[in-house]
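Student: Pasting the sequence and the predicted coordinates here, then a few questions.
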Amino acid sequence: MRAARAVPTVLAVTLLLTALGVAPATAGRPCVVTFHGETVEGTISSPPLPGMTVDVVGTYDDADLGVVATTTSDAGGGFAFAFPCVAASAVVRVTDPTGYYPVTYGTASSDVEHAEGMWLGEGVDLGARSVRLTPPGRFVPVEPTRVIDTRDDAEGPLGPGERARFLLDDLPDDVNAVVLNLTATRGTAPTSFVSALWYEHAEPDTSVLNPSAGRDVANLVTLPVSRYSESGQYEVILYNNAGFTHVVADLAGFYSMVEGAGFEPVSPQRVLDTRSTTPLGPRTTRDLVLAGPGGHAPPGAVAVAVTITSTRATARTSYVSAYPSDALHGTSTSVLNAYRGDDVPNLAVVPLGADGAITLYNDQGTTHLVVDVVGWFVETGGADYYPIIARRADGSGPAGPGSTLRFSVQDVGATVRDDAVAMALTLTTTRARTPSFLTVHPTGQARPWASNANARPGADVATGVLTALGPGFSVYNDRGPLVALVDVSGYFAVNGPAGD
């Protein structure tokens, strides 16, 4: 049953329209915009959300209009509007006064640009405009599991300009994002890019991976998922720009809206550098103890986020795996592809084994490995994850040798909580003239002796990053000019029980 409608006072709206020189009425009969809706939680149970602030805000060319009308959802989550017409485009925005639920635009968008708009210049009933607010998630690590491999798919590789939908069948209910190690292999184009789309017909304006002919490339990505997709199941939609490429994805975990571990970001901390000992040989493993007496992990840690870099590899190509020390099939998945003559990094989120260790495996030749911890996932406390539709951060662009690009949370283009403690992003380097390394760290803190990405001349390279905020984040480039592109896919913020 729909709750009774609550009609907001329109006096302030009339004064606003008058100040803007817009007549709020037509000749003979007032022109009034009306519509209604409900604010509900975007989970399987979809409970109503009372007490949410519901605004109608100008958008696109009419963004300067600001708030046109406002109300509060009632005990049943219902809201209704009736206000004078204004010749402008607008969108519904819902804000949770407690900050637990993310600011949401339109039906379920994390920003204005991707939300469903409406025209306020017609005196008609616009019908239902309900909004789903997706709760933040906590991380549930899993032993690395292969969930996508187009080499075994009858549909074959992704072609030029192709959009492919991949269903994720074995996830539990109430998941809002997945963490995948995504690999492109057998690419035919000299260079291409792969984007993760929030719906099948979306325009690709960010990227997660850069395939190239003759090279396997990997990147850890965190992608939002929803059961409100076109298929009605959890799905990932990937777009390939040029040539043909196979894609392989290994599930490293997911963010659950009902259970899981919170994230504790740290400034990058080096915990292993085999250049001071011995490299990993062919088909050999090395355990890295992180929890327990003398370990680096905080109490209750169940997984670690690390940047792993392969350097001084001797094989033409190899792959490196990272998995919990008690995993049964750890070497059947990979976190990066090593190449002779190149430094190759990638972000990995790895569950801790029962002994508090992770295991590193190298398949071919020898390679040194450098491991930098960027955060921990802990059973109690920590920060919850808020996925957003990926946005390219303002300020992305050229970076000279020894220079630093600085980003604030406002540069993201989506509404981010002021108390956010960390961000998830993809850092892509392009147009590099010389090999370089890049370090991402909290703004205002000393740059750590660690790296997140390695740029290569003549190649576009995408690398996943989890970075603490302080309050924003900085990207340092060590050598030579290049272009650094930052695509943000989510942020972390600390909440109390049940959103207190």
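Tutor: Nice, thanks for sending it over.
Student: Take stretch 317-331, keep the C-alpha atoms, and write them as PDB.
Tutor: Only the C-alpha atoms of stretch 317-331 are listed here, as PDB (Å, rounded to 0.1, in the frame of the first residue of the first chain):
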ATOM      1  CA  THR A 317      56.700 -14.100 -20.100                       C
ATOM      2  CA  SER A 318      55.400 -15.700 -16.900                       C
ATOM      3  CA  TYR A 319      52.500 -15.300 -14.500                       C
ATOM      4  CA  VAL A 320      52.500 -14.600 -10.700                       C
ATOM      5  CA  SER A 321      49.800 -15.900  -8.300                       C
ATOM      6  CA  ALA A 322      49.000 -14.600  -4.800                       C
ATOM      7  CA  TYR A 323      46.600 -16.600  -2.600                       C
ATOM      8  CA  PRO A 324      46.000 -17.600   1.000                       C
ATOM      9  CA  SER A 325      48.700 -20.000   2.300                       C
ATOM     10  CA  ASP A 326      46.100 -22.800   2.800                       C
ATOM     11  CA  ALA A 327      44.500 -22.500  -0.600                       C
ATOM     12  CA  LEU A 328      43.900 -25.700  -2.500                       C
ATOM     13  CA  HIS A 329      44.100 -24.300  -6.100                       C
ATOM     14  CA  GLY A 330      46.000 -21.100  -5.800                       C
ATOM     15  CA  THR A 331      48.200 -21.500  -8.800                       C
END
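Student: in it, what counts as buried?
Tutor: Judged by neighbour count using 16 or more other CB atoms under 10 Å, the buried positions of stretch 317-331 are S318, Y319, V320, S321, A322, Y323, P324, S325, A327, G330, T331. All C-beta atoms are positioned from the backbone trio N, CA, C, and that covers glycine.
Student: For it, what is the distance to the chain centroid?
Tutor: 24 Å (CA atoms, centre = their mean, to the nearest Å).
Student: Stretch 416-426 too?
Tutor: Relative to the mean C-alpha coordinate of its chain, stretch 416-426 is positioned 10 Å out (CA atoms, centre = their mean).
Student: which of the residues in stretch 113-120 are buried?
Tutor: Neighbour-count burial for stretch 113-120 [16+ other CB under 10 Å]: E113, H114, A115, G117, M118, L120.
Student: out of these, who's nearest V131?
Tutor: A115 (9.6 Å; CB to CB).
Student: How about the closest one: what's its closest non-neighbour residue?
Tutor: Sequence neighbours aside, G106 is the residue nearest to A115 in space, at 3.0 Å (criterion: CB to CB, 6 or more residues apart in numbering).
Student: now swap in H329 and tell me
Tutor: The shortest distance from H329 to any residue other than its chain neighbours is 7.4 Å, reached at E143 (CB to CB, 6+ apart).
Student: Next: T314.
Tutor: G365 (4.0 Å).
Student: Over to P136?
Tutor: D384 is the one closest to P136 (CB to CB, 6+ apart), at 3.6 Å.
Student: Kindly report the same for T274.
Tutor: Nearest residue to T274, sequence neighbours excluded (CB to CB, 6+ apart): H368, at 4.5 Å.
Student: Do a quick rundown of the helices in the protein.
Tutor: Counting by DSSP state H, the chain has helices at residues 11-19.
Student: Tell me how it divides into domains.
Tutor: Domain assignment of the chain by automatic domain parsing yields the ranges 11-133, 262-378, 383-500.
Student: where are the low-confidence patches of the protein?
Tutor: The model of the chain has pLDDT under 70 over residues 1-28, 497-500.
Student: centroid residue for it?
Tutor: Nearest residue to the geometric centre of the chain (CA atoms, centre = their mean): S489, 2.3 Å.
Student: Now for that one: which residues touch it?
Tutor: By CB atoms under 8 Å, 6 or more residues apart in numbering, the contact list for S489 reads V221, T222, L223, P224, P387, I388, A390, A424, L425, T426.
Student: Next, find the distance separating it from Y239.
Tutor: In this view, S489 and Y239 are 15 Å apart by CB to CB, to the nearest Å.
Student: what do you get for L438?
Tutor: 25 Å.
Student: higher neighbour count, these two?
Tutor: Taking neighbours as other CB atoms under 10 Å, L438 and Y239 compare with L438 leading, 26 against 20.
Student: what's the nearest residue to that one if we skip its chain neighbours?
Tutor: Spatially, and ignoring its direct neighbours in sequence, L438 is nearest to A453 (4.3 Å; CB to CB, 6+ apart).
Student: Quick check, the one you found in contact with A432.
Tutor: No: with contact defined as CB atoms under 8 Å, A453 does not count as touching A432 (10.5 Å).
Student: still on that earlier bit, check contacts around the residue nearest to T314.
Tutor: Neighbours of G365 in contact, by CB under 8 Å, 6+ apart: P282, A313, T314, A315, R316, S318, A338, R340.
Student: Output those as CSV; include the columns distance to F166.
Tutor: Below are those laid out as CSV (distance: CB to CB, whole Å):
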residue, distance to F166
P282, 32
A313, 30
T314, 35
A315, 30
R316, 30
S318, 27
A338, 26
R340, 32
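Student: Top of those by number of neighbours, please.
Tutor: For the contacts of G365, neighbours tallied by other CB under 10 Å; top is A338, 30 neighbours.
Student: out of everything not next to it in sequence, what's closest to that one?
Tutor: Using CB to CB, 6+ apart, the closest residue to A338 is S310 (3.8 Å).
Student: ok, the one you found touching Q364?
Tutor: No: in this structure S310 lies outside contact range of Q364 using CB under 8 Å: 11.4 Å.
Student: so what sits against both of the two?
Tutor: S318.
Student: and the two? which has more neighbours close in?
Tutor: The neighbour count for S310 versus Q364, taken as other CB under 10 Å, is higher for S310 (26 against 16).
Student: residues contacting that one?
Tutor: S310 makes contact with S318, V320, L336, A338, Y339, D343, V344, P345, T367, H368, L369, according to CB under 8 Å, 6+ apart.
Student: if we can go back for a sec, out of A453 and A432, which sits in the busier spot?
Tutor: Taking neighbours as other CB under 10 Å, A453 and A432 compare with A453 leading, 27 against 24.
Student: Kind regards, and thank you for your time.
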